[in-house]
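S.K.: Provided below for reference: sequence and predicted model.
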Amino acid sequence: MATVLCVLFPDPETGYPPQYARNSIPTIGAYPNGQTVPSPREPLGFKPGQLVGCVSGELGLRPYLEANGHRLVVVSDKDGANSAFDRHLPEADVVISQPFWPAYLTAERLAKAKNLRLALTAGIGSDHVDLSAAARHGVTVAEVTFSNSISVAEHVVMTVLSLVRNFLPAHDTADAGGWNIAECVSRSYDLEGMHFGTIGAGRIGQAVLRRLKPFDVYLHYHQRHRLPGQVERELGLTFHANPQSLVQVCDVVNLQVPLYPSTEHLFDDAMFSLMKRGSYLINTARGKLCDRDAVVRALQNGTLAGYGGDVWFPQPAPADHPWRTMPHQGMTPHISGASLSGQARYAAGTLEILQNFFEGKPIRSEYLIVDGGSLAGAGAASYGLT
Ligand code: NDP
């Protein structure tokens, strides 16, 4: 019998929804690169479209785990001394958490987790786990690659348009009963003709480029490995050998690289000093890719005309986090990959990974981040340990 410790975000304050806005979600058979969607062998313990990422939803895992003799412990209290997560960690064989409500598996916590064999991210992005320490302790780290990539790409496109068009302040005006057109439009531009660049053109970054192409923008990208020439030609992409080169020519910059030691604070005062006055920066990758206070300064001094995204550090962000109140921001809590559509796929992928793990079958390599003491699979392709 294994103990599975699942750290989930709290239920809605108004209670678990008695019904949903829509009766169903579309069925997606495969992702754009041909990868198949999660295919657990046993039935899902939920109906796709239900809220499963919160405590009462339990990612729909209880029927499978209990039928197979395992123990499921679900907690939400995850931070600070003596949290419920810390109390249960020593007995956990498997820890599951979502990037939206990350259970930070630091080196200290990993040292206390003597039974831990699998740290499973229900979603994408495993930077809340100290990957070097996980490798040293022989803990496998896996995530549900591609499960919510399109969910995030849609959020990026929405944020680009919201910032450039000044949508959020105009909506606030309507909401408040106002009609001052001049005030609404004095920061509103068309995206058409602008230069858009993404730093990181992997699953999400490429999906964003594809979705923005019909807006008649100039498209740029930077990452360590160049995309195939056919993709560059199809999308009309300009490649930049470093991020500094990209930010100097782009009006809108999107961050879509994983967080690991050498990408932390990629955007600091030095990087902002290279950007065009009035640029927009979108970050749905990870909060720590940016120096928190440098972002605020860039908005205050006009380098940035807008900053938007859904990722913060730490999470949940404290009430006095300056990104909540800085000017010209389009921030949300970490939600872009947690749409009900995304939840259905990452919960199904979590079940698939658990089944393979408990049955001693290989976990798909596209789901692996750390395995056998080093980066593996998708982790070896996209992360670094330094
Ligand atoms: P991918 O691994 O498909 O893409 C990441 C890209 O980043 C790769 O193509 C990689 O290319 C590039 N990259 C890695 N390191 C560097 C570097 N040092 N400099 C420049 N480029 C780099 O990941 P996804 O697109 O699926 O996801 C990206 C990130 O988005 C995730 O790691 C996660 O943090 C975040 N995310 C956020 C979600 C949300 O809800 N907000 C949900 C899902 C993901 P190369 O190796 O050639 O450099």
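M.R.: Cool, the structure landed. Numbers count the residues shown, from 1 in each chain.

S.K.: show me the contacts for residue 279.
M.R.: 247, 250-253, 303-305 (CB atoms under 8 Å, 6 or more residues apart in numbering). The way it works is simple: take the backbone N, C-alpha and C, and place the C-beta from them, glycine included.

S.K.: switch the cut-off to 6 Å
M.R.: Applying CB atoms under 6 Å, 6 or more residues apart in numbering, we find residue 279 in contact with residue 304.

S.K.: got it, and the one 10 residues further on?
M.R.: The neighbourhood of residue 289, defined by CB under 6 Å, 6+ apart, consists of 255, 259, 263, 266.

S.K.: intersect those residues with the contacts of the ligand.
M.R.: 259, 263 (CB under 6 Å from any ligand atom).

S.K.: will you turn the contacts of residue 289 into TSV that also has neighbour count and secondary structure?
M.R.: Output for the contacts of residue 289, formatted as TSV (neighbours: other CB atoms under 10 Å; DSSP: H, G, I helix; E, B strand; the rest coil):
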residue	neighbour count	secondary structure
255	24	strand
259	22	coil
263	21	helix
266	17	coil
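
S.K.: pick the one among the contacts of residue 289 closest to residue 224.
M.R.: Residue 224 lies nearest to residue 263 out of the contacts of residue 289, by CB to CB, at 10.7 Å.

S.K.: and residue 198, how many neighbours?
M.R.: 28 (other CB atoms under 10 Å).

S.K.: same thing with the one 4 residues further on?
M.R.: Taking other CB under 10 Å as the criterion, the count of residues near residue 202 is 19.

S.K.: same deal with residue 39?
M.R.: Residue 39 is flanked by 11 other residues according to other CB under 10 Å.

S.K.: mind telling me what element the closest residue to it other than its chain neighbours is part of?
M.R.: Using CB to CB, 6 or more residues apart in numbering and skipping residues adjacent in sequence, the residue nearest residue 39 is residue 352, 6.2 Å away. Of the helices and strands defined by DSSP states H and E, residue 352 is found in helix 340-358.

S.K.: rewinding a little: my guess is the residue nearest to residue 39 contacts residue 38, does it?
M.R.: Yes - counting by CB atoms under 6 Å, residue 352 touches residue 38, with 4.7 Å between them.

S.K.: got the residues of the stretch 101-250 of the chain near the ligand?
M.R.: The stretch 101-250 of the chain comes close to the ligand at residues 123-125, 148-149, 152, 199-205, 222-225, as judged by CB under 6 Å from any ligand atom.

S.K.: selecting buried members of those in PyMOL, what would you type?
M.R.: Buried subset of those, written as a PyMOL selection, criterion 16 or more other CB atoms under 10 Å:
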select buried, resi 123+124+125+148+149+152+199+200+201+202+203+204+205+222+223
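
S.K.: of the residues of the stretch 101-250 of the chain next to the ligand, which belong to helices?
M.R.: Those of those mapping onto helices are 149, 152, 203-205, per DSSP state H.
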